[in-house]
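Trainee: sharing a model prediction with you, sequence too.
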Amino acid sequence: MFKLIHKDKTTKARLGKLTTAHGEINTPVFMPVGTQGTVKSISTQELKDIGAEIILGNAYHLYLRPGLEIIEKAGGLHKFMGWDRPILTDSGGYQIFSLATLRKLSDDGAEFSSHIDGSRHFITPEKAIDIQRTLGSDIMMILDECVHYPAARDYVEQSLALTTRWALRAKKHLDKIRAARDDRQLLFGIVQGSTYLDLRKKAVEDLLKIGFDGYAIGGVSVGEPENLIHEIAAYTAALLPEDKARYTMGIGMPTDIVEAIGNGIDMFDCVVPTRNGRNGQAFTWDGDIQLRNADRKEDFRPIDETCECFACRNHTRGYIRHLFNTEELLGLRLVSLHNLHFYVKLIRLSREAIRQDRFDAFKKEFLKKYNTKEK
């Protein structure tokens, strides 16, 4: 469960500790995304070495491949992938959004065509819980619908009502399981409502009546402008209870994370560090840089001279550019590893600033330096 430890005196930023079956998580925290039981190209030991406390897996993808039977025989997702720290699993709600042409929604649940082989699958709110219980994740997410931006108000109202009904069914299903046995898996509700603040407020009120172990802000960073992302996240976070963890789903640029921490949000996940890293984009304290560019050819500096990660200690920008130019896999691994190290360090320094009641100064200093592009 979540314990609030300290609130920054200059912003709404806060320190907390979330206790799970596989250990405690210090918040704020960034969760590397391991959709298919792996953070792409990065080993679990490397994740531990950079200080990752929790990773994210996707129940929908793991349900399709390798399948629940194999993971159950392996002893659960932790043992299957060789990770003994906490795991959060997304229920598949985002796939309702991203695979819109392959799915059909009803009050009962979501029908999918597998993006792998076209086979049909039907996931109910209850089945989403059962899938995640088989995986053995520490934090489970409810099945929800994430709508596109922009979306008409009448559609958002209908979608939100559906998500709320699904949330109630998921919670009732888990309550029955918890009544029958000792259960330590946590369940988070997801606040939807698109860009309509009154619908966000209604979503929070309805979810609080149901009661969850934590609350996520969903349906942001799905195409809306940056200022709107921050407005929605800040508004929604202020409505959520202080004694529960607050998780904003999919917000992942460093500047967005720092803004969100200042608005009282505790948990983050995004594919940006690894996806962008595989394309040669590296994040540094002076802003992001593209290592594939020709002007890196004779650049014999590390990715970031202030960074102590393996890539920066041992290799240069010119060498990494050469790896990308020759399509050597080491290049994408090194940049992905560096980016994850950067994100974890950004969170760690944010926590230190909150502890010292100087997060506002830290945020301003970071944003000023980060947004000054390298000459």
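Mentor: Noted; the coordinates are in hand.
Trainee: and the average pLDDT for stretch 300-318 is what?
Mentor: Stretch 300-318 shows a mean pLDDT of 97.
Trainee: pLDDT weak spots in the stretch 51-200 of the chain?
Mentor: Low-confidence segments of the stretch 51-200 of the chain (pLDDT under 70): 96-97, 100.
Trainee: quick one: the helices in it?
Mentor: In the stretch 51-200 of the chain, the helices defined using DSSP state H, counting those that start in this stretch lie at 59-64, 68-74, 77-81, 93-98, 125-135, 153-180, 197-210.
Trainee: elements contacting the third one?
Mentor: For helix 77-81, the packing partners by 3 or more CB pairs under 8 Å, 6 or more residues apart in numbering; DSSP states H and E come out as helix 68-74, strand 87-90. The way it works is simple: take the backbone N, C-alpha and C, and place the C-beta from them, glycine included.
Trainee: hang on, the earlier thing: so which of the helices of the stretch 51-200 of the chain gets nearest residue 251?
Mentor: When the helices of the stretch 51-200 of the chain are compared by CB to CB, helix 93-98 sits nearest residue 251, at 13.2 Å.
Trainee: between the helices of the stretch 51-200 of the chain, which gets nearest to residue 29?
Mentor: Using CB to CB, these put helix 77-81 closest to residue 29, at 17.8 Å.
Trainee: got the buried residues for the closest one?
Mentor: 77, 78, 80, 81 (16 or more other CB atoms under 10 Å).
Trainee: closest one to residue 319 out of those residues, please.
Mentor: residue 81 (30.4 Å).
Trainee: which residues touch the closest residue to the closest one other than its chain neighbours?
Mentor: Nearest non-adjacent residue to residue 81, counting by CB to CB, 6 or more residues apart in numbering: residue 37, 4.6 Å away. Shown in contact with residue 37 (CB atoms under 8 Å, 6 or more residues apart in numbering): 57, 62, 66, 77, 80, 81.
Trainee: number of nearby residues for residue 314?
Mentor: Applying other CB atoms under 10 Å, we find 10 residues neighbouring residue 314.
Trainee: quick revisit: identify the farthest-apart pair in the contacts of residue 37.
Mentor: The span of the contacts of residue 37, defined through CB to CB, is set by 57 and 66 at 12.3 Å.
Trainee: more neighbours, these two?
Mentor: Each of residue 57 and residue 66 has its neighbours counted (other CB under 10 Å); residue 57 has more, 25 against 14.
Trainee: does the more buried one touch residue 31 like I think?
Mentor: No - shown here, residue 57 and residue 31 do not form a contact pair, counting by CB atoms under 8 Å, at 9.8 Å.
Trainee: joint contacts of those two?
Mentor: Taking CB under 8 Å, 6+ apart as the criterion, residue 57 and residue 31 both touch residue 88.
Trainee: rewinding a little: which of the helices of the stretch 51-200 of the chain sits closest to residue 335?
Mentor: Comparing the helices of the stretch 51-200 of the chain by CB to CB, helix 77-81 comes nearest, at 22.4 Å.
Trainee: contacts for the closest one, please.
Mentor: By CB under 8 Å, 6+ apart, the list of residues contacting helix 77-81 from outside reads 22, 34, 37-38, 44, 57, 62, 70-71, 74, 83-84, 87, 89, 135-137.
Trainee: how far does that helix sit from its chain's centre?
Mentor: 19 Å (CA atoms, centre = their mean, to the nearest Å).
Trainee: also stretch 81-101?
Mentor: 9 Å.
Trainee: with just CA atoms, put that stretch into PDB.
Mentor: C-alpha atoms of stretch 81-101 as PDB (Å, rounded to 0.1, in the frame of the first residue of the first chain):
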ATOM      1  CA  MET A  81      11.600 -13.200 -17.200                       C
ATOM      2  CA  GLY A  82      14.100 -13.400 -14.300                       C
ATOM      3  CA  TRP A  83      13.000 -10.200 -12.500                       C
ATOM      4  CA  ASP A  84      12.400 -10.300  -8.700                       C
ATOM      5  CA  ARG A  85      11.300  -6.700  -8.200                       C
ATOM      6  CA  PRO A  86       7.800  -5.300  -8.700                       C
ATOM      7  CA  ILE A  87       5.900  -5.500 -12.000                       C
ATOM      8  CA  LEU A  88       2.900  -3.400 -13.100                       C
ATOM      9  CA  THR A  89       0.700  -4.800 -15.900                       C
ATOM     10  CA  ASP A  90      -1.500  -2.800 -18.200                       C
ATOM     11  CA  SER A  91      -4.800  -4.700 -18.700                       C
ATOM     12  CA  GLY A  92      -4.900  -4.100 -22.500                       C
ATOM     13  CA  GLY A  93      -7.000  -1.000 -22.400                       C
ATOM     14  CA  TYR A  94      -4.400   0.900 -24.400                       C
ATOM     15  CA  GLN A  95      -4.700  -1.800 -27.100                       C
ATOM     16  CA  ILE A  96      -8.400  -0.900 -27.400                       C
ATOM     17  CA  PHE A  97      -7.100   2.500 -28.400                       C
ATOM     18  CA  SER A  98      -4.100   1.500 -30.500                       C
ATOM     19  CA  LEU A  99      -5.700  -1.500 -32.300                       C
ATOM     20  CA  ALA A 100      -9.000   0.300 -33.000                       C
ATOM     21  CA  THR A 101      -9.400  -1.300 -36.400                       C
END
